[in-house]
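Q: Need coordinates for the below:
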Amino acid sequence: MKVVVIGGTGLIGSKIVAQLGEHGHDAVAAAPSTGVNTLTGEGLAEALTGADVVVDVSNAPVWEDDAVMEFFETSTRNVLAAEQAAGVRHHVALSVVGTEQLVESGYFRAKLAQEKLIESSPVPYSIVRATQFFEFVPSIADASTDGATVHLKHVFFQPMAGADVARAVGRTAVGEPLNGTVNVAGPERFRMDDFFRDVLAAGNDPRQVVTDPEAVYFGISPTEYALVPGDDAQLGETPYGEWLRSNS
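A: Have a look, this model is predicted:
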């Protein structure tokens with residue numbers, strides 16, 4: 001099976017390409033560095049020739065409201081049009097758990113717009129919504145830091161390993177189109193403030209975590225369950241402690 005991975009050189013995309021290749025599939029990384037630009041359409045038709053499945057795990061280079069909306073709408077329209085022309089049978093996209101609850105943020109408004117374009121296309125599709133990645137834990141802490149304190153809400157948080165995200169997306173890609181959405185998350189559920197308090201202490205980080213009901217998370221104020229899926233989610237295999245030991 002030929003699977004073209006848009007964003008195939010990035011954190012998740014490169015893992016998907018490697019995992020699919022290990023299972024005998026013809027996985028092709030499509031990105032500007034490999035001659036494929038989904039914003040301009042350059043190289044897109046050539047890359048999709050003979051493709052059975054297209055997986056889109058690309059991300060916007062900037063998150064300013066207008067720019068991120070332009071990226072996801074333009075890129076998704078171009079990819080979907082090229083898929084129709086090439087006879088692609090399955091479009092798979094990576095999105096975020098709770099997107100419709102996070103639309104205070106221009107980024108999540110853009111992700112929701114991307115999902116709606118996919119749903120309205122004639123190409124059969126599957127949308128995989130994932131929780132936050134373990135790899136982004138340091139940047140989440142940094143974004144929440146004010147001086148020597150880290151301000152976080154006491155909301156639920158269920159991050160997962162990037163490799164588990166890739167496995168979930170790859171598994172979906174080689175299956176039948178869902179024409180719907182599946183949620184994936186880590187195997188452990190935490191309170192965000194408690195999780196980061198433990199993580200920073202374990203790493204001898206001098207910053208202090210403050211439980212702050214007014215804290216924002218990348219520009220939004222999530223409700224208690226906004227960042228976690230329902231009971232029907234597929235759970236990754238890797239606990240955070242195990243991931244941290246293997247990536248230290």
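Q: looking at this, Val150 is in a strand?
A: Yes: judged by DSSP: H, G, I helix; E, B strand; the rest coil, Val150 forms part of a strand.
Q: dump the residue contacts of it.
A: Contact analysis of Val150 by CB atoms under 8 Å, 6 or more residues apart in numbering lists 141, 144, 196, 200, 207-210. Where you see a C-beta, it was placed from the backbone N, CA and C, and this is true even at glycine.
Q: Quick one: these as JSON lines, columns for neighbour count too.
A: Formatted as JSON lines, these follow (neighbours: other CB atoms under 10 Å):
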{"residue": "Ala141", "neighbour count": "18"}
{"residue": "Ser144", "neighbour count": "23"}
{"residue": "Phe196", "neighbour count": "21"}
{"residue": "Leu200", "neighbour count": "18"}
{"residue": "Arg207", "neighbour count": "19"}
{"residue": "Gln208", "neighbour count": "12"}
{"residue": "Val209", "neighbour count": "23"}
{"residue": "Val210", "neighbour count": "14"}
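Q: export those residues to JSON lines and tack on pLDDT, distance to Ala86 and secondary structure?
A: Shown next, in JSON lines, are these (pLDDT from 0 to 100; distance: CB to CB, whole Å; DSSP: H, G, I helix; E, B strand; the rest coil):
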{"residue": "Ala141", "pLDDT": "96", "distance to Ala86": "42", "secondary structure": "helix"}
{"residue": "Ser144", "pLDDT": "95", "distance to Ala86": "43", "secondary structure": "coil"}
{"residue": "Phe196", "pLDDT": "97", "distance to Ala86": "45", "secondary structure": "helix"}
{"residue": "Leu200", "pLDDT": "95", "distance to Ala86": "48", "secondary structure": "helix"}
{"residue": "Arg207", "pLDDT": "97", "distance to Ala86": "50", "secondary structure": "coil"}
{"residue": "Gln208", "pLDDT": "97", "distance to Ala86": "54", "secondary structure": "strand"}
{"residue": "Val209", "pLDDT": "97", "distance to Ala86": "49", "secondary structure": "strand"}
{"residue": "Val210", "pLDDT": "97", "distance to Ala86": "52", "secondary structure": "strand"}
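Q: Now Ala31: closest residue in space, sequence neighbours ignored.
A: Distance criterion CB to CB, 6 or more residues apart in numbering; nearest residue to Ala31, sequence neighbours excluded, is Thr9 at 4.4 Å.
Q: was I right about that neighbour contacting Ser33?
A: Yes: counting by CB atoms under 8 Å, Thr9 does reach Ser33; the two are 5.7 Å apart.
Q: what about those two, which has more around it?
A: Taking neighbours as other CB atoms under 10 Å, Thr9 and Ser33 compare with Thr9 leading, 15 against 10.
Q: for that one, helix, strand, or coil?
A: Judged by three-state DSSP, the three-state class of Thr9 is coil.
Q: Show the contacting residues for it.
A: Applying CB under 8 Å, 6+ apart, the residues near Thr9 are 29, 31, 33-34.
Q: one step back: closest to Ala185 among the contacts of Val150?
A: Ala185 has its nearest neighbour among the contacts of Val150 in Phe196, at 17.5 Å by CB to CB.
Q: Tell me the spacing between the closest one and Ala113.
A: Using CB to CB, to the nearest Å, Phe196 is found at 30 Å from Ala113.
Q: And the lengthiest helix in the chain, what does it pack against?
A: Counting by DSSP state H, the longest helix found in the chain is helix 65-86. When contacts are defined as 3 or more CB pairs under 8 Å, 6 or more residues apart in numbering; DSSP states H and E, helix 65-86 packs onto helix 44-48, strand 53-56, strand 90-96, helix 106-120.
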